[in-house]
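S.K.: Below are the sequence and a predicted model for it; my questions follow.
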Amino acid sequence: MSAPLLDVRGLSISFAGRNGPIGVIEDLSFQVHEQETLCIVGESGSGKTVALLSMLGLLDPLSSRVQGSASFKGKDILSASRETLRQLRGREIALISQDPMTAMTPVHTIGWQIVEQIRAHTDMSSRAAWNRAIELLGEVGIANPRMIVGQYPHQLSGGMRQRAMIAMALSCNPSLLIADEPTTALDVTVQAQVLDLLRRLRRDFGSSIVLITHDMGVVAEMADRVLVMYAGRIVEHGPCEAIFADAWHPYTWGLLDSIPPLDGPRPDRLVSIPGSPPQPDKRPPGCVFAPRCRARTAICAEPPPRQAANGRDALCFIDYADRQARRFGLAENMDQPA
Amino acid sequence: MMLAVLLQRLAQMLFVMFGISALVFLIFFATPGSDPAARIAGKNAAPETLLAVRHDFGLDRPLPVQYVVMMKKLFVTQDLVSFVNRGLKVVPAIIEATPVTLSLVFGAALFWVLGGLLVGILAAACRDSLADRILMILSLTGVAIPVFWLGEMTNLLSQNRLHDTLFFSWVPALGYVPFRADPIGWFKALLLPWLTLSLGFIGIYGRVLRANIVETYQEDFIRTARAKGISETRVLLRHALRMSLVPFVTMFGLDFGALVGGGALVTEVIFGLNGVGKLTYDSLQSLDLPVIMASVMYASFFVVLANAVVDMTYVVLDPRMRSH
């Protein structure tokens, strides 16, 4: 396999807290390959967004501390100068934000904002850039791009704004597109359209996509590979089909069980994971998921090992032999009232 | 579309001014237990003066008629005279004082808007650094220095102690020089008053602008702008600044209107500028009702006008306001 597009190794991020630094991300390693869609899944606060923002140098340098290494096309980006990073942002790595309602500057037209990005990275004339903006808006499926290009963000619906955001992100043909929960703020029908659009764009433009989400449905539709994050760590990683067919980590079981089944008898209520993720400064010393894990044993007070096989891995004590029994025994337990 | 908004706004202005004029009129003419004729005629007026005033202002007729007579004297015939200052025609006196005050306030406004922008933008650009802290401390100092002290100190140095040095030898004697007669003299006469008046405002406006820019930096669209790979200067000037200017403009409208309406009194008195503030102050000293009445009307006009301009500026700054 060729060298990965983005190669992150041992990334740790901490923020300044009242009593010293608070670790938010610990020892994160992952790769993104050419023309691949990697989904990062996890609850709110698991550090998905922070990890990706650090790649772009968008964390506040005064209050955050980033360690480890990340290389993009073989060049280190964590220690890169501000100017190098600026040239990378928007041109090589583009970002699509979660909430299209607030992600565009309200005082400039859609076209102005797209032109600004194009002209920041190329020598294109304003007129050519404006035409390119119209072209891009057409490519993301906006029916009347000539009209939309001169409108302000508040004049568009949420779905239209997200399309405009995507058009802007694509304006310089980036090799990596980071989409931070791009569908969370949208209606279900619009969600499907935006996902379709992203899929089509990957095919047409050949970019890699890192898709941050907490929606396992989106993962099933989009991902080539999946990273499951919990409390700042990767608890499971593997190809999409493999994880849906046979998840290794109890947290992933919980995420998968929270999807309503399409056929078969309808459950009275969906299975949920009890409790909530620990605050970054109150994470347990052993397995971080242990307090909420229904399959925990005494050994979980120790740091769990990373088990790896067949291009996938999980951060858990439960081994191959035990897995099926523990998972389905668990599901039965859950049906009974406690 | 824009024209309709403009006309609507003008109609509102007229309505507000009518309200103010009626209110001011009622305060002076319909306060129970006081005789407006005695007020207008001034202290210790002769009985025949009182009689004349009573007849002249229609004080023996119903209130609405009195209101119309007063407004006619103010705006149509403009022949309202002061009885305290015998023979002083009130409306021409105000018209004469207006350019002095306008020159003072417009010039100072230019300094404080530019100064406030500069301080706010610089402090926000290097926020939490030493430069930011120094700028904020200086601003606070500027706010804390009272105008009367600063003005007197300026005069002491520029007119007296250091007048013969290179620094201040250009400073003319106190007083106003009309722009038409001598533009350079006008500028020289007003430069120190401008700086004196604007210093405190630069401090306040700089601090407010910095706070608003720093707040705008929390917005999602700033993250988008940074992710686009544009320079940090551009993020500040083209994305953060515009939205941060709204409170700045609001404050400016209020302060500017109040100053033109006589609020620059202290500066005017200290630098010997016979503006509207000085005129109002003198008329209050001698309870000169016609002058008070006229200058209140004049002040309200500028306050209302400044706020109308502010409302229109909002529309320019924030396209979201245009649809309403």
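M.R.: Nice, I can see it. Numbering: from 1, shown residues only, chains lettered A, B, ... in the order given.

S.K.: Now do the residue in the stretch 151-300 of chain B positioned nearest to chain A, the pLDDT please.
M.R.: When scored by C-beta to the nearest C-beta, the stretch 151-300 of chain B has residue B:229 as its residue closest to chain A, at 3.2 Å. For glycine as for every other residue, the C-beta is placed from the backbone atoms N, C-alpha and C. Note on residue B:229: pLDDT of 91.

S.K.: now swap in residue A:69 and tell me
M.R.: At residue A:69 the predicted local confidence, pLDDT, stands at 89.

S.K.: so it makes contact with residue A:76?
M.R.: Yes: in this structure, residue A:69 sits in contact with residue A:76. The criterion is C-beta atoms under 8 Å, and the distance is 6.2 Å.

S.K.: which one of these two has more residues nearby?
M.R.: A side-by-side neighbour count of residue A:69 and residue A:76, using other C-beta atoms under 10 Å in any protein chain shown, places residue A:69 first with 15 against 12.

S.K.: Return the residues in contact with the residue of the stretch 201-338 of chain A found nearest chain B.
M.R.: Scanning the stretch 201-338 of chain A for proximity to chain B using C-beta to the nearest C-beta identifies residue A:210 as nearest, at 13.3 Å. With C-beta atoms under 8 Å, 6 or more residues apart in numbering or on different chains as the criterion, the residues that contact residue A:210 are A:6, A:32, A:37-38, A:40, A:52, A:176-179.

S.K.: So what's the residue count around residue 6?
M.R.: If you meant another chain, say so; for now it's chain A. In terms of burial, residue A:6 registers 23 neighbours under the definition other C-beta under 10 Å.

S.K.: was after chain B, sorry
M.R.: Applying the criterion other C-beta under 10 Å, we find 13 residues in the vicinity of residue B:6.

S.K.: Isn't it up against residue B:309?
M.R.: No: distance between residue B:6 and residue B:309: 11.0 Å, which falls outside the contact criterion (C-beta under 8 Å).

S.K.: now stretch B:3-23, how far from the chain's geometric center?
M.R.: 19 Å (C-alpha atoms, centre = their mean, to the nearest Å).

S.K.: Pull out the CA atoms of that stretch and give them to me as CSV.
M.R.: Only the C-alpha atoms of stretch B:3-23 are listed here, as CSV (Å, rounded to 0.1, in the frame of the first residue of the first chain):
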residue,chain,number,x,y,z
LEU,B,3,-35.9,54.6,-0.1
ALA,B,4,-39.0,53.3,1.6
VAL,B,5,-37.0,52.5,4.7
LEU,B,6,-35.5,56.0,4.6
LEU,B,7,-38.8,57.7,4.2
GLN,B,8,-40.4,55.7,7.0
ARG,B,9,-37.5,56.6,9.2
LEU,B,10,-37.9,60.3,8.4
ALA,B,11,-41.6,60.1,9.3
GLN,B,12,-40.7,58.5,12.6
MET,B,13,-38.1,61.3,13.3
LEU,B,14,-40.7,64.0,12.7
PHE,B,15,-43.1,62.2,15.0
VAL,B,16,-40.5,61.9,17.8
MET,B,17,-39.6,65.6,17.4
PHE,B,18,-43.2,66.6,17.6
GLY,B,19,-43.5,64.6,20.8
ILE,B,20,-40.4,66.2,22.3
SER,B,21,-41.6,69.7,21.4
ALA,B,22,-45.0,69.1,23.0
LEU,B,23,-43.3,67.7,26.1
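
S.K.: residues near residue 118, how many?
M.R.: Defaulting to chain A. Residue A:118: 22 surrounding residues under other C-beta under 10 Å.

S.K.: You answered for a different chain; I wanted chain B.
M.R.: Neighbouring residues of residue B:118 were enumerated by other C-beta under 10 Å; the total is 15.

S.K.: what residues go with each domain of chain A?
M.R.: Structurally, chain A divides into domains by automatic domain parsing as follows: A:104-173, A:257-335.
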